[in-house]
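In: okay, here's the prediction I keep looking at, along with the sequence it came from:
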There are 2 protein chains.
Amino acid sequence: MGKYVSVRGWLECDESTINEVKKIRNDFTATYNEGLLGEDKLELYQSGWTFPEKQINWTAYVFYGADIREYHLDFMKKQLSEMANIQDITGYFLIDDHDGDYHLCWQIYENKFIESEQENIVFNK
Amino acid sequence: MGKYVSVRGWLECDESTINEVKKIRNDFTATYNEGLLGEDKLELYQSGWTFPEKQINWTAYVFYGADIREYHLDFMKKQLSEMANIQDITGYFLIDDHDGDYHLCWQIYENKFIESEQENIVFNK
């Protein structure tokens, strides 16, 4: 069955790029199908995306937060990797689980998706 | 005037504690007054809070994201320090600015508000 992992973080967009993020989110909700994610689960996980009602000064922060099945991490990774291609987008996500098997950090910067181990994190010990 | 700093991150709540967070947010919106924040600005900054429409599995992720005046950082810190008193709440926020003067990490864990320098962050270089 696979355990659950927590995925949460944000993307930093502006007025125009936020729509590109939304489009990729919608495309993944509508078309992603590698046999692993049922339609209900797909919609549940995709409901973890939050788009700001209004932008406060320059940055539009798009958030994601959900506890998902371990074997759906690849789905999130693919989705975020696609979003990493958007111009000037940056992002930061932490991924972990209760057993301590995962302590990952995903960062999006200069159109790259960068995975590393977490450092300096106390809040989820 | 003071420069702008970006404050973004999340709190991890459950069905009951999310309402305690909301209450503190509302109290700060209604009553905070140390002469620095005009009513319009206060409401603008407080609109950076996002509460999930529904909880996905166990955790209710409450997000905050806004670019705020440097001299309003104390307001956010006080608000989050108060939220840190909520039982079993955890939180993680990154704070920085374009000039590179701020590279802060705020974590909430075991009812403590912990400020440290950021480590391992590439996305906002």
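Out: On my side now, so go ahead.
In: rest of the way, CA atoms for contacts and neighbours
Out: Noted.
In: buried residues in stretch A:52-72?
Out: Applying a neighbour-count criterion of 16 or more other CA atoms under 10 Å in any protein chain shown, the buried positions in stretch A:52-72 are A:52, A:55-56, A:59-68, A:70, A:72.
In: the residues you listed in helices, which ones?
Out: Counting by DSSP state H, none of the members of the buried residues of stretch A:52-72 fall within helices.
In: restrict those to contacts with chain B.
Out: Counting by CA under 8 Å from any CA of the partner chain, A:52, A:55-56, A:59-61, A:63, A:65-68 from the buried residues of stretch A:52-72 sit close to chain B.
In: next, count neighbours for A:Gly9.
Out: When neighbours are counted by other CA atoms under 10 Å in any protein chain shown, A:Gly9 registers 26.
In: and the closest residue to it other than its chain neighbours, how close does it get to B:Glu82?
Out: Using CA to CA, 6 or more residues apart in numbering or on different chains and skipping residues adjacent in sequence, the residue nearest A:Gly9 is A:Phe93, 4.0 Å away. Note on A:Phe93: its distance to B:Glu82, by CA to CA, to the nearest Å, is 25 Å.
In: which of these two has more neighbours?
Out: For A:Phe93 against B:Glu82, the residue with the higher neighbour count under other CA under 10 Å is A:Phe93, and the figures read 21 against 17.
In: so how far is A:Trp58 from that one?
Out: As judged by CA to CA, A:Phe93 and A:Trp58 stand 21 Å apart.
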